[in-house]
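> here is the input, now give the coordinates:
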Amino acid sequence: MVPLNWYLLLSAAVFFIGVAGFLSRRNIIILFMSIELMLNATNISLVAFSHYLLDMRGQIMVFFIIAVAAAEAVLGLAIIIALFRNKATTNVDEMNIMKG
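All right, here's what the predicted structure looks like:
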């Protein structure tokens, strides 16, 4: 049986990879992928705690997080496509069409 510490270390590593990708890149698709990595790291830790505490609440919460992540991906990609049609770039620094 794999100890809980290994799952938490994996979760922390995946989360910090997502944070590093979010802070260092300016491509909006990479930003969304980094957000998904952070959400999946949270899911790993929730499932690990749920398994070791013999409680189903963590696994139920994971289903809600997956649903929110799917909705976020759909809306995010729709916004990316709409902005790409106007600006023809995926760089966040160049997308300033909403400035007043």
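> contacts, neighbours, all on C-alpha from now
OK.
> any idea which helix is longest in this protein?
helix 57-87 (DSSP state H).
> quick check: chain neighbours aside, which residue is closest to the residue nearest to the spatial centre of the chain?
Nearest residue to the geometric centre of the chain (Cα atoms, centre = their mean): residue 36, 1.9 Å. Leaving aside its sequence neighbours, residue 36 sits nearest to residue 69 (Cα to Cα, 6 or more residues apart in numbering; 7.0 Å).
> and the one you found, how far is that from residue 14?
16 Å (Cα to Cα, to the nearest Å).
> settle it for me: which of these two has more neighbours?
residue 14 (20 against 16; other Cα atoms under 10 Å).
> nearest residue to the more buried one in space, please, no chain neighbours.
residue 41 (5.6 Å).
> tell me which other helices or strands the lowest-mean-pLDDT helix or strand in the chain touches.
Every helix and strand of the chain was ranked by mean pLDDT, DSSP states H and E. The lowest is helix 57-87, at a mean of 88. Using 3 or more Cα pairs under 8 Å, 6 or more residues apart in numbering; DSSP states H and E, the elements in contact with helix 57-87 are helix 28-53.
> in the helix it packs on, what's buried?
28-32, 34-50 (16 or more other Cα atoms under 10 Å).
> could you give me the average pLDDT of that helix?
Averaging pLDDT along helix 28-53 gives 93.
> could you give the angle of it to helix 57-87?
180 degrees (axes from the mean of the first three to the mean of the last three Cα atoms, to 10 degrees).
> thanks a lot, see you next time.
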